[in-house]
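**Q** What follows is a predicted structure for the sequence shown.
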Amino acid sequence: MNSSIDIHEIVEKDLKGSVLIVGFPSVGLIGTIVANFLINTLKLEQIGIIDSSKFPAITVVKAGVPHNPLRLYSGEQLCNDGTCNQVVVCVSEFTPPAEMIKELVSSLTNWAVKKGCTKIISAEGFSTPPKDDGESNDVYGIASTAGARPWIEEAKVKPFTFGTVGGITGAFLNDGKIRNLNVLGLLAEVSEDVPDAKAAANVIKAIDELLLAIELDPKPLLKEAENLEKEVQNVQEQAPPEISSSISRYIG
């Protein structure tokens, strides 16, 4: 069966042994914020475009330049004290149709395996009741394989032991289990479904614990928190009605 998903590589790069980090819109737009932060902070280069005739017809304009809403980025391998890491970031600024999620995840996983990626991390948020003043929201981890379970402790997050994980992260975890591929889902608690830079920063801290050769500072992300609510309103007002439910409410 032919896939309706096309992955166009615009830059050829050696990705053997790299970590694929996936960020799609979800509650609090955690995945999209995390992915954009990594791209900007690590100064990653766009290496690919993911497209389909079934995706909404939108472009994301940044600094006057149009971008496909689903893109792949990577940088060079970084080494520190004998440990090396290279990341590939898949960022999406729209929510794919539910009926396409399994196909999209399968196509992206096929590409990652073909390119030699050995780990996949998928980040997103989930709704929780507001906590008492002074309590910070937690990040939970769930792994697809026994080999990936130590990452939960290494990332210094809480194990997700009971419940359901849907959408992109759920599909990656299922696909990883079937293929015996190491996948880690990082789920950040979000009390209100608005762009939550603080919750995203907690995910960045967890990723930082896993990628020892790459130093990430979440403080710049926290500084963006005050502007995100205005950006949400602006994007919602500008979005055409027929696609407003598909586009992300965060512009990095």
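**A** In hand now; what should we look at?

**Q** low pLDDT regions in this protein?
**A** 1-2, 82, 132-135, 212-213, 224-252 (pLDDT under 70).

**Q** Repeat the analysis, applying 80 as the threshold.
**A** The chain contains residues with pLDDT under 80 at 1-3, 60, 62-63, 79-84, 130-136, 192-195, 212-252.

**Q** Could you pull out the strands in it for me?
**A** 6-9, 19-23, 45-51, 60-62, 65-67, 70-74, 78-80, 83-85, 87-92, 119-127, 139-143, 158-159, 183-190 (DSSP state E).

**Q** residues of the fourth one that come out buried?
**A** By that I understand strand 60-62. Within strand 60-62, the residues that count as buried by 16 or more other CB atoms under 10 Å are residue 60. Just so you know, the C-beta spots here come from the backbone N, C-alpha and C atoms, and that holds for glycine as well.

**Q** Pull up the pairing partners for that strand, direction included.
**A** strand 65-67 (antiparallel) (DSSP bridges).

**Q** hmm, who's touching the partner strand?
**A** Strand 65-67 is contacted from outside by 46, 59, 60, 61, using CB atoms under 8 Å, 6 or more residues apart in numbering.

**Q** Also stretch 3-10?
**A** By CB under 8 Å, 6+ apart, stretch 3-10 touches 46-54, 72, 100, 103-104, 106-108, 111.

**Q** Could I have the buried ones of these as ChimeraX selection syntax?
**A** Buried residues within the contacts of stretch 3-10, by 16+ other CB under 10 Å, are selected in ChimeraX with:
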select :46,47,48,49,50,51,52,72,103,104,106,107,108,111
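
**Q** Just give the closest residue to residue 75, not the sequence neighbours.
**A** residue 44 (4.6 Å; CB to CB, 6 or more residues apart in numbering).

**Q** wait, that neighbour sits on residue 73?
**A** Yes. Contact criterion CB atoms under 8 Å: residue 44 and residue 73 qualify, at 3.9 Å.

**Q** tell me, what's touching the two both at once?
**A** residue 89.

**Q** which of those two has more neighbours?
**A** residue 73 (23 against 19; other CB atoms under 10 Å).

**Q** so that one bridges to which residues?
**A** residue 46, residue 89.

**Q** State the distance from it to residue 184.
**A** Distance of residue 73 to residue 184, given as CB to CB, to the nearest Å: 19 Å.

**Q** Could you check how far the residue nearest to residue 75 is from residue 174?
**A** Applying CB to CB to residue 44 and residue 174 gives a distance of 28 Å.

**Q** go on, residue 136?
**A** Counting by CB to CB - residue 136 and residue 174 are separated by 30 Å.

**Q** Which one's more surrounded, those two?
**A** Set residue 136 next to residue 174 and count neighbours by other CB under 10 Å: residue 174 wins out with 15 against 10.

**Q** show me what contacts the more buried one?
**A** residue 144.

**Q** ok, which stretches of the stretch 101-250 of the chain are helices?
**A** Under the criterion DSSP state H, counting those that start in this stretch, the stretch 101-250 of the chain contains helices at 101-115, 150-154, 167-179, 197-210, 219-223, 225-238.
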